[in-house]
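Student: I would like the atomic coordinates for the input below:
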Amino acid sequence: MKRMLANVLQPPRFNDEEQTRIAQIQHLTLLVCLGIAGVAVVINTLLGRSLSATALLISGGGTLVALFLLYARRLHLSIFVLLSVLIGLTASLQIIGRGAHDTVTSLYAAVIVIGSLLLNRRAFIAMGIAILLVLAAIVAAETYGWTHSSYDGEPGDWFDLAAILTLTAFVARVLNERLQRSHALVRKSVETLGLQAEALRASEERYRILAANLPDSAVLIFDHDLRFVLADGPELAATGYSKEDLECRSLYEAVPPEFAQQVEGNIRAVLNGKRFTAEIPYGDRMYHYHYVPLIDSRGEVKYGMVLARNVTTQHQAQAERERLIAELEQRNAELERFTYTVSHDLRSPLITIQGFLGYLERDLQEGNTERMQNDIQRISAAVRKMERLLNDLLELSRVGRLRAEPQCVSFNVVVQEALELLAGRIAERQARISVAEHMPVVHGDRNRLVEVVQNLVDNAIKFCDNQSMPNIEIGVINESSGAPLFFVRDHGIGIEPQYHEQIFGLFNKLDPRSEGTGVGLAIVRRIIDVHGGRIWVDSHGKGAGATFYFTLPVVHTHPREVNHDRHDAQGSSGGG
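Tutor: Okay, the predicted model is just below:
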């Protein structure tokens, strides 16, 4: 039932938009006419006007036929039937009633208005002529007594009525044509706006596709209120934003205030027509910004566009290159010092050998066997010194070039292995080694790390001549940054501040009479450098002892101290 009612209340649609519009007017007119006819039939029946009720009932049937014709998509025939029924009904009621002076005559004006909405110009003129002829026929019939009422007016009344209806028809037609032209203009404007909107949508879609596929970039467009009009690009997500977070929001609503303050001046400058570039960090990323004013057809800046491109990788690469250049310069300087030092220090035993070879030749000629024996000993000592120098140089060159597979090992284990290698030296000097317990697990070349501790402890024992029983501490400090700081501390003769850096140089010995070649600390620094750490010494000078601090890659740290004396150095002196 509801579907049937919906079908009745739904006018048919045509392929032509104008026909559909006329069909809608026709449909509404038919339904109104049916409703009025039904009410009029009831009223006239109650008032005892049987002829009028019959005429209305017949016209209602004609209107119903016109409605069925409309549903059958016979639009023009439906209009013809409706207008014919209305004209016929009006004429019938005039004949039955008071003729041309009956109030029902005003119904012709309604017919004219309806016709102006439904008919083209020719059909409308034909309908107007038909109405005038029908009205003339009614007047003539009254004049000759062919109707129930006689014509009691003057002959000119018909012309007045005809003029009024003609004027009504003219005005209705003019208004309708203007309405149609206005409707056409509106329709054309709507179509134009639709095409423009579609073109704008397509343009925006193309722009969004372009913006969304720019690698490592984001496109931001602002209006003069510093409001995001468009925000897109893969780099948005990388900074934690989406276009929904930014679009239609102002700069200070969308981003942190400190960053908004940093870029506001640039955005206002581009909205004033300036075009420029800038590099500004955002979080841990570096962006290269292209500021571009978007100018409309009138030459005015409509929007400001910012193209942000992530150049963090490139910056990390200005920075890595600079680091490598600096490292290369440092290596070159080290190589120059190395070359000079090696040539100087290796020349010394060679000169010694050369000199004593001359003495040996002279003593051989003189037959002085005692001095010959002394010359040979001096030559042998020089050869052994050169051998030690060459071995230490070879060891230094291997650091960082020949590396074992890195592994995670407790630093206590590293210390224990180093102290076991030094067990004889520790026992000989009756040294006391204090080692922190539960030191962090470090990651690196285990043998090289043992070599670091071994060299530092051996040096500490060597330079504790001012103590009968050297006291040495090995431990770790947790810095505020969270990175552990390892140390080897002695209470020996100390190091003057001006020599703190020099002692790590090649063949640098503060006491030329001390044993060793002066390469040990250079090897230690090289090992620490290869592991990505750093090492330095802290000492207030003569008699104040020295503490060597160094960093290493670690896993975790839980420091606590424990003592080991010389009696258990060989078995458990490493702590752990």
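Student: Run a quick neighbour tally on residue 540.
Tutor: Other residues within reach of residue 540, judged by other Cβ atoms under 10 Å, total 12. Quick note: C-beta positions are derived from backbone N, CA and C, even for glycine.
Student: Could you give the average pLDDT over the helix or strand encompassing residue 220?
Tutor: Per DSSP states H and E, residue 220 falls inside strand 217-222. Taken as a whole, strand 217-222 carries a mean pLDDT of 86.
Student: just checking, what packs against the one helix or strand residue 161 maps to?
Tutor: Residue 161 belongs to helix 156-212 when assigned by DSSP H and E. Other elements packing on helix 156-212 under the criterion 3 or more Cβ pairs under 8 Å, 6 or more residues apart in numbering; DSSP states H and E are helix 107-118, helix 121-143, strand 217-222, strand 228-232.
Student: Excluding sequence neighbours, find me the nearest residue to residue 285.
Tutor: Residue nearest to residue 285 in three dimensions, not counting chain neighbours: residue 312, with 4.7 Å by Cβ to Cβ, 6 or more residues apart in numbering.
Student: Could you work out the end-to-end span of stretch 277-287 for me?
Tutor: 10 Å (Cα to Cα, to the nearest Å).
Student: To clarify, my last question referred to stretch 93-105.
Tutor: This stretch, stretch 93-105, spans 9 Å end to end (Cα to Cα).
Student: buried ones in it?
Tutor: The neighbour-count check on stretch 93-105 (16 or more other Cβ atoms under 10 Å) flags 93-102, 104-105 as buried.
Student: Could you do stretch 109-116 as well?
Tutor: Those would be 111-116, for stretch 109-116 by 16+ other Cβ under 10 Å.
Student: so which pair among these is furthest apart in space?
Tutor: For the buried residues of stretch 109-116, the farthest-apart pair by Cβ to Cβ is 111 and 116; their separation is 9.7 Å.
Student: ok so, going back, among the helices and strands packed on helix 156-212, which is the most enclosed?
Tutor: Of all these, strand 217-222 carries the top mean neighbour count, a mean of 23, counting by mean count of other Cβ atoms under 10 Å.
Student: what packs against it?
Tutor: helix 156-212, strand 228-232, helix 234-238, strand 301-310.
Student: could you redo these as JSON lines and give each row distance to residue 444 and mean pLDDT?
Tutor: Shown next, in JSON lines, are the helices and strands packed on strand 217-222 (distance: least, Cβ to Cβ, whole Å; pLDDT from 0 to 100):
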{"stretch": "helix 156-212", "distance to residue 444": "45", "mean pLDDT": "74"}
{"stretch": "strand 228-232", "distance to residue 444": "47", "mean pLDDT": "86"}
{"stretch": "helix 234-238", "distance to residue 444": "34", "mean pLDDT": "78"}
{"stretch": "strand 301-310", "distance to residue 444": "34", "mean pLDDT": "88"}
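Student: can I get these in JSON lines with distance to residue 48?
Tutor: Listed next are these as JSON lines, based on distance: least, Cβ to Cβ, whole Å:
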{"stretch": "helix 156-212", "distance to residue 48": "29"}
{"stretch": "strand 228-232", "distance to residue 48": "75"}
{"stretch": "helix 234-238", "distance to residue 48": "83"}
{"stretch": "strand 301-310", "distance to residue 48": "77"}
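Student: Tell me which of those sits nearest to residue 54.
Tutor: Closest approach to residue 54 among these (Cβ to Cβ): helix 156-212, 26.1 Å.
Student: Can you give me the neighbour number for the closest residue to residue 272 other than its chain neighbours?
Tutor: Among residues not flanking residue 272 along the chain, residue 301 sits closest, at 7.1 Å (Cβ to Cβ, 6+ apart). Per other Cβ under 10 Å, the neighbour tally for residue 301 reads 15.
Student: which residues touch residue 290?
Tutor: Contact analysis of residue 290 by Cβ atoms under 8 Å, 6 or more residues apart in numbering lists 277, 306-307, 309.
Student: Would you mind telling me which of the helices and strands packed on strand 217-222 is nearest residue 19?
Tutor: Closest to residue 19 of the helices and strands packed on strand 217-222 is helix 156-212 (Cβ to Cβ; 13.1 Å).
Student: Got the phi and psi for residue 408?
Tutor: The phi/psi pair for residue 408 (degrees, to the nearest 10) reads phi -90, psi 130.
Student: thinking residue 29 is in contact with residue 82, fair?
Tutor: Yes: between residue 29 and residue 82 there is a contact under Cβ atoms under 8 Å: 6.8 Å.
Student: If you count surrounding residues, which of these two has more?
Tutor: Shown here are residue 29 and residue 82; by other Cβ under 10 Å, residue 82 has more neighbours (26 against 23).
Student: show me what contacts that one?
Tutor: Residues near residue 82 by Cβ under 8 Å, 6+ apart: 26, 29-30, 33, 62-63, 66, 114, 118.
Student: Enumerate every residue touching the residue nearest the centre of the chain.
Tutor: With distances taken as Cα atoms, centre = their mean, residue 236 lies nearest the centre of the chain, 0.8 Å away. Counting by Cβ under 8 Å, 6+ apart, residue 236 makes contact with 218, 242-243, 246.
Student: pLDDT score for the closest residue to residue 137 other than its chain neighbours?
Tutor: Computed as Cβ to Cβ, 6+ apart, the closest residue to residue 137 that is not its neighbour in sequence is residue 91, at 7.8 Å. Reported pLDDT at residue 91 in the predicted model: 86.
Student: sec struct for residue 476, please.
Tutor: Secondary structure assignment for residue 476 (DSSP: H, G, I helix; E, B strand; the rest coil): strand.
Student: From residue 495, how far off is it?
Tutor: Distance from residue 476 to residue 495, counting by Cβ to Cβ, to the nearest Å: 22 Å.
Student: Repeat that for residue 234.
Tutor: As judged by Cβ to Cβ, residue 234 and residue 495 stand 56 Å apart.
Student: Between those two, which is the more surrounded one?
Tutor: Per other Cβ under 10 Å, whichever of residue 234 and residue 495 has more neighbours is residue 495, with 22 against 15.
Student: mind checking which helix or strand the more buried one is in?
Tutor: Using DSSP H and E, residue 495 falls within no helix or strand.
Student: can the contacts of residue 82 go into a markdown table with extra columns for distance to residue 267 and secondary structure?
Tutor: Compiled in a markdown table, the contacts of residue 82 are given as follows (distance: Cβ to Cβ, whole Å; DSSP: H, G, I helix; E, B strand; the rest coil):
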| residue | distance to residue 267 | secondary structure |
| --- | --- | --- |
| 26 | 59 | helix |
| 29 | 60 | helix |
| 30 | 63 | helix |
| 33 | 65 | helix |
| 62 | 73 | helix |
| 63 | 68 | helix |
| 66 | 67 | helix |
| 114 | 62 | helix |
| 118 | 60 | helix |
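Student: Right, I'll call it a day here.
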